[in-house]
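S.K.: Compute the structure for the input listed below.
(2 chains)
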Amino acid sequence: MDFIEKELKEGISAAFKVVFEHDLDVESFSLQPTRKDFEGSHTFVMFPYLRVTRKSPEESGKAIGEYLQANTQLVSGYNVVKGFLNLTIADAAWLNALQQISSNDTYGDLPSNGQKVMVEFSSPNTNKPLHLGHLRNNFLGDSVSKILKAAGNDVMKVNLVNDRGIHICKSMLAYQKFGEGETPDSSGMKGDHLIGKYYVKFDQEYKKEIEGLIHQGTDAEEAKKKAPSMLEAQQMLRKWEEGDEETVALWKLMNGWVFDGFDVSYKTMGIEFDKIYHESDTYLLGKDIIEEGLDKQVFYKKDDNSVWADLTSEKMDEKLVLRGDGTSVYITQDIGTCELKHSDFPFDKSVYVVGNEQDYHFKVLFSIMNKLGREYADGLYHLSYGMVDLPSGKMKSREGTVVDADDLMQEMFDTAEKQTRELGKIEGLSEEEANKLYRTLGLGALKYFLLKVDPKKRMLFNPQESIEFQGNTGPFIQYTHARISAIMRRAESLEIQSGFEPVGIELKERELELIHKLTEYPKTVALAAEDYSPALVAQAVYDLAKSYNGFYQDVPIFNEDDKNLVRFRINISQAVAKVIRHGMGLLGIDVPERM
RNA sequence: GGUUCCAUAGCUCAACUGGAUAGAGCAACUGCCUUCUAAGCAGUAGGUUCCAGGUUCGAGUCCUGGUGGAAUCACCA
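M.R.: Numbering: from 1, shown residues only, chains lettered A, B, ... in the order given. Okay, here's the model as predicted:
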């Protein structure tokens, strides 16, 4: 909380004590920003306290306002409309706040809270390339990690790669049959795209076989199970699990290609992990915990030897945790992996960035960890984000209705280049600088587009209407930063010293608005961390940039006789740029010095 | 069918967690580049917040019941 708000709340609390002889806990209420149509910046709502004041809302507000104005340096005026007490803060306090912000190089970073947080995201399958949905996942996970870190947590970013299983075998099988020794080098394709091609190929063949069987009179469900391709894929999975040399060699070869491809994509996205888990190493985990659960009577056995968890008391169903033949299912692995993660990094919180289609799975998982008596179970959190829809509906890899991640990023870079050229803004840039700028802008537009929406909500992406560079967009905010950079360059060339004297300055509306927004920024970071919501940061940074552009339009910076005022306005600009850079950084977006 | 989530301007999204006259961007229309970057700024128009009740001084937000949509309810992952 910034000191203006802190002092204000303490003042209000003191006012209640003196005027109404009532103890009002500072933590028990909050102030809200005053609506634009009224005088003032902070508003206190009187309605909830009328029982205490035993006066009309207007009289109560007036009494508090009067006290604050008379007894604090902070409040220079007030007005009461209905039950809303609007408070005006003295210019000196705002100027003081700006100086504090300016002198703080890590403004926006909150003090350490000693909490360890693990964030798991991305978690791709190695049988197909990344698509738009993965982009939302990756950007979200990366941004949330950065926000949590800024909010004072010790953060560990992990990626659990799903590199084994029947879906991988499908690609392998199709490659064996139709691949003819093709490699990423020979085909000129990125490894993940090459493998994806064979995954689609498998599905086509498989569908043909099903149709053939149905034509011969087999019913649909039966045909899906009996199709030769599927039987072969299952056979291959068994061979893989037995460690068959030839199968494992092919698996390693093809996975290697995919990883090379993914590395390129992650690099383009600007995303890194602290640790990578492979499901091929972890898929057998969890069985010993199932044993433990049986001993503790958290689980029970059925006649066929299969093991179950009964969650009916928590309005969920029974859940299979181990098959009758002793092999594991999805949740078995997750139970084991959860334990492994905690022993690797004893977290207070563990965040799973996974789509909301798995809501039920995680509810079950967390409930089981809880029943098993894991003290860390309360810290498990499913960051459940909504799907990205296309106008045609949901994306499906197998049906080819996906927006490919690499293609989309390239399109964004191309669009950025086109727009930059059209606006004639490449003058004076080297080829290398220009290319870097296109990437910064293109990726900024894309990340901002996906992160500005509340993660929990599903969102729509229309490929026909390309992502904008004007309005509420990444490039708009980047542009604001570039503008300020230009001002800083000019200030430097004019040898204007930084810093200003906080006296004799009468704040303009636009200046006050900017400082007010700057002071609220740390609160936004804290709230974004609490809600796991980069959207809050995006909104705040956009608001700030929007305000700055208004200021830029209305208020001259250099064309001003009072040199102290010039320095003050440069100081504001610098502080705004600092917060924009910090906020965009939390979204994983770079800001350019010129554009 | 059960469970969970969602429904706000023509479109994409906000609304500080129950506060004042519901805000931005895009699209449409008007203005503003011989002064610091027009990827900008200012303005016009656009709303029965899906419907019907309820709680409250106050409801887009909470409760109940509808309508419409999505996800999930696998010995797939």
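S.K.: if I pick A:Ala526, what's in contact with it?
M.R.: A:Ala526 is in contact with A:Leu110, A:Ala151, counting by CB atoms under 8 Å, 6 or more residues apart in numbering. For every residue, glycine as well, the C-beta is placed using N, CA and C.
S.K.: wait, A:Gly270
M.R.: Taking CB under 8 Å, 6+ apart as the test, what A:Gly270 contacts is A:Leu443, A:Gly588, A:Asp590.
S.K.: Helices - which of those land there?
M.R.: A:Leu443 (DSSP state H).
S.K.: which ones are touching the residue nearest the centre of chain A?
M.R.: Closest residue to the average C-alpha location of chain A: A:Leu140 at 2.8 Å, with CA atoms, centre = their mean. Contact analysis of A:Leu140 by CB under 8 Å, 6+ apart lists A:Phe121, A:Val353, A:Leu383, A:Tyr385, A:Leu450, A:Leu451, A:Pro455, A:Pro534.
S.K.: how near is the residue in chain A that RNA strand B sits nearest to to A:Met316?
M.R.: For chain A, the residue closest to RNA strand B is A:Gly471, as judged by CB to the nearest atom of the strand, at 2.1 Å. Distance, A:Gly471 to A:Met316, using CB to CB, to the nearest Å: 44 Å.
S.K.: ok, those two, which is more surrounded?
M.R.: Between A:Gly471 and A:Met316, A:Met316 has the larger neighbour count (other CB atoms under 10 Å), namely 14 against 9.
S.K.: Who's the closest spatial neighbour of that one, skipping the chain neighbours?
M.R.: What sits nearest to A:Met316 in space, not counting adjacent residues and going by CB to CB, 6 or more residues apart in numbering, is A:Val364, at 6.1 Å.
S.K.: So in chain A, where's the weakest helix or strand by average pLDDT?
M.R.: Ranked by mean pLDDT, DSSP states H and E, the weakest helix or strand in chain A is helix A:220-226, scoring a mean of 82.
S.K.: Can I get that one as PDB, trimmed to CA atoms?
M.R.: Extracted C-alpha coordinates of helix A:220-226, given in PDB (Å, rounded to 0.1, in the frame of the first residue of the first chain):
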ATOM      1  CA  ALA A 220     -18.800 -47.900 -34.500                       C
ATOM      2  CA  GLU A 221     -17.500 -48.400 -30.900                       C
ATOM      3  CA  GLU A 222     -16.200 -51.900 -31.800                       C
ATOM      4  CA  ALA A 223     -14.600 -50.600 -35.000                       C
ATOM      5  CA  LYS A 224     -12.600 -47.900 -33.100                       C
ATOM      6  CA  LYS A 225     -11.100 -50.600 -30.900                       C
ATOM      7  CA  LYS A 226     -10.500 -53.200 -33.600                       C
END
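S.K.: Is RNA strand B within reach of that helix?
M.R.: No. Helix A:220-226 lies apart from RNA strand B when judged by CB under 7 Å from any atom of the strand; the minimum separation is 9.3 Å.
S.K.: What's the first helix or strand after that helix?
M.R.: helix A:228-242 (DSSP states H and E).
S.K.: Just the strands from chain A, written as ranges.
M.R.: Along chain A, the segments classed as strands by DSSP state E run A:32-33, A:42-45, A:75-81, A:84-89, A:116-120, A:154-161, A:275-278, A:299-301, A:307-310, A:318-322, A:349-355, A:380-385, A:388-389, A:459-460.
S.K.: would a markdown table of those with mean neighbour count be doable?
M.R.: Supplementary listing: the strands of chain A in a markdown table, determined by neighbours: other CB atoms under 10 Å:
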| stretch | mean neighbour count |
| --- | --- |
| strand A:32-33 | 11 |
| strand A:42-45 | 20 |
| strand A:75-81 | 18 |
| strand A:84-89 | 23 |
| strand A:116-120 | 23 |
| strand A:154-161 | 21 |
| strand A:275-278 | 16 |
| strand A:299-301 | 16 |
| strand A:307-310 | 18 |
| strand A:318-322 | 19 |
| strand A:349-355 | 21 |
| strand A:380-385 | 20 |
| strand A:388-389 | 19 |
| strand A:459-460 | 13 |
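S.K.: so where's the stretch 251-400 of chain A shaky on pLDDT?
M.R.: Applying pLDDT under 70 to the stretch 251-400 of chain A flags the ranges A:397-400.
S.K.: let's see 80
M.R.: By pLDDT under 80, the weakly predicted segments of the stretch 251-400 of chain A are A:392-400.
S.K.: Around RNA strand B, pick out the residues from it.
M.R.: So the stretch 251-400 of chain A meets RNA strand B at A:279, A:302, A:304, A:306, A:315, A:317, A:320, A:323-325, A:329-330, A:333, A:356-361, A:387, A:394 (CB under 7 Å from any atom of the strand).
S.K.: What subset of those residues is buried?
M.R.: Buried subset of those (neighbour count, 16 or more other CB atoms under 10 Å): A:Glu279, A:Ser306, A:Leu320, A:Gln333, A:Asn356, A:His361, A:Met387.
S.K.: got the domain boundaries for chain A?
M.R.: A:3-89, A:165-269, A:405-586 (automatic domain parsing).
S.K.: Is RNA strand B within reach of the shortest one?
M.R.: Yes. Remark: domain A:3-89 sits within contact range of RNA strand B at A:30, A:32-35, A:37-38, A:43, A:45, A:47-48, A:81-84, A:86, by CB under 7 Å from any atom of the strand.
S.K.: Look at that domain and report the distance between its end residues.
M.R.: By CA to CA, to the nearest Å, the extent of domain A:3-89 from end to end equals 12 Å.
S.K.: can you check the second one too?
M.R.: The stretch domain A:165-269 measures 27 Å between its terminal residues, going by CA to CA.
S.K.: Over to the last one?
M.R.: End-to-end distance of domain A:405-586 (CA to CA): 21 Å.
S.K.: Can you give the distance of that domain from its chain's centre?
M.R.: 19 Å (CA atoms, centre = their mean, to the nearest Å).
S.K.: Which residue, other than its chain neighbours, is closest to A:Tyr283?
M.R.: A:Gln333 (5.2 Å).
S.K.: I figured that neighbour was touching A:Ile290, is that so?
M.R.: No. Using CB atoms under 8 Å, A:Gln333 makes no contact with A:Ile290, being 11.1 Å away.
S.K.: A:Leu443 is in contact with A:Pro475, correct?
M.R.: No. Between A:Pro475 and A:Leu443 no contact is recorded; they are 10.5 Å apart, counting by CB under 8 Å.
S.K.: gap between A:Pro184 and A:Glu39?
M.R.: In this view, A:Pro184 and A:Glu39 are 66 Å apart by CB to CB.
S.K.: that older thread, which residues does the residue nearest to A:Tyr283 contact?
M.R.: A:Gln333 is in contact with A:Glu279, A:Thr282, A:Tyr283, A:Leu284, A:Leu285, A:Gly286, counting by CB under 8 Å, 6+ apart.
S.K.: likewise A:Asp274?
M.R.: A:Met156, A:Lys157, A:Val158.
S.K.: same thing but 10 Å
M.R.: Residues in contact with A:Asp274, defined by CB atoms under 10 Å, 6 or more residues apart in numbering, are A:Met118, A:Val119, A:Ser145, A:Val155, A:Met156, A:Lys157, A:Val158, A:Asn159, A:Phe345.
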